[in-house]
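Colleague: Provided below for reference: sequence and predicted model.
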Amino acid sequence: MKTKHLLLLASLSLALPLQALEQTTFHNTDKSKSFEATLVAYNAKTKTVSVKLASGAQKSFKMSVLAQESQDYVTVNEDRLAIAKSVRLKFTEVKDKGAGEGVSTSYAIEVRNAGAEAIKDITLNYTLYYSQGSVETGGTLAKTSTGTLSTGKIYDADTLTVSTQSVDIVRKSKPASGGG
Amino acid sequence: MVGVVVDIVVDGEVVKTDSSNRSLLTKVLKERIKTASN
């Protein structure tokens, strides 16, 4: 059981950033046949659907061979799939040492649309993970801070940068007490 | 050190997750799997 979870974890940790959709059942036009696969691409110009089978093999076929409900599934997920494949993120840590004890830290997130089509809008839900030092106790405390960013329209082959909120990292520890 | 994990959301669905730090991403995904399996 533990091995199964570890395999699932290994699979997801690699797959999640790359694979937007889960496996689903596709049916042919008269629903006499079906198969399990993950939708990986749809070419609207050629109306060609590409899927990845459970075996790992990738297959492509015309949209017209699918039942209407399977075609609807492809259509509904077309945008999500395109965005997942097109959007690339690049992170730059930004630090600002102010006058006080804290170091104000944020991230500049570069969002690149590597696709051939413009993206209307995406939302970025982010969580900052950090350890905040305490001047009073000298220790550190693990903290998180969440936020939401919206990109607006991103043209094809275009890049824009959004910034997270800042968090203060206090680096100075309490001086050792006592001694002579 | 500060790390960030970002979920790219389209029409309310997370379509991709990325992070400034690969080990942080693995840790967060592990926690999500643990939460989902409970």
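Modeller: Nice, thanks for sending it over.

Colleague: for chain B, give me its nearest residue in chain A.
Modeller: Across chain A, the shortest distance to chain B (C-beta to the nearest C-beta) belongs to residue A:91, at 3.7 Å. For the C-beta atoms, the positions are set from N, CA and C on the backbone; glycine is no exception.

Colleague: quick one: pLDDT of residue 12?
Modeller: No chain was given, so I picked chain A. According to the model's per-residue confidence, residue A:12 sits at a pLDDT of 45.

Colleague: wrong chain, I was asking about chain B
Modeller: Residue-level confidence at residue B:12 comes out at 84, pLDDT.

Colleague: quick one on the thing from earlier: which one is the residue of chain A closest to chain B nearest to, not counting chain neighbours?
Modeller: Spatially, and ignoring its direct neighbours in sequence, residue A:91 is nearest to residue B:20 (3.7 Å; C-beta to C-beta, 6 or more residues apart in numbering or on different chains).

Colleague: compute the number of surrounding residues for the closest residue to residue A:139 other than its chain neighbours.
Modeller: Computed as C-beta to C-beta, 6+ apart, the closest residue to residue A:139 that is not its neighbour in sequence is residue A:133, at 7.4 Å. Other residues near residue A:133 come to 20 when the count uses other C-beta atoms under 10 Å in any protein chain shown.

Colleague: surely residue A:133 and residue A:168 touch.
Modeller: No. The pair residue A:133 and residue A:168 does not pass the contact test of C-beta atoms under 8 Å, sitting 9.7 Å apart.

Colleague: tell me if residue A:138 really is in a strand.
Modeller: No. Using DSSP: H, G, I helix; E, B strand; the rest coil, the assignment for residue A:138 is coil, not a strand.

Colleague: gap between it and residue A:103?
Modeller: 16 Å (C-beta to C-beta, to the nearest Å).

Colleague: which one's more surrounded, the two?
Modeller: A count of neighbours by other C-beta under 10 Å puts residue A:103 above the other of residue A:138 and residue A:103, at 18 against 13.

Colleague: check contacts around that one.
Modeller: The neighbourhood of residue A:103, defined by C-beta atoms under 8 Å, 6 or more residues apart in numbering or on different chains, consists of A:95-97, A:168-171.

Colleague: could you do residue A:119 as well?
Modeller: Listed by C-beta under 8 Å, 6+ apart, the contact partners of residue A:119 are A:82-83, A:86-87, A:113, A:151, A:153-154.
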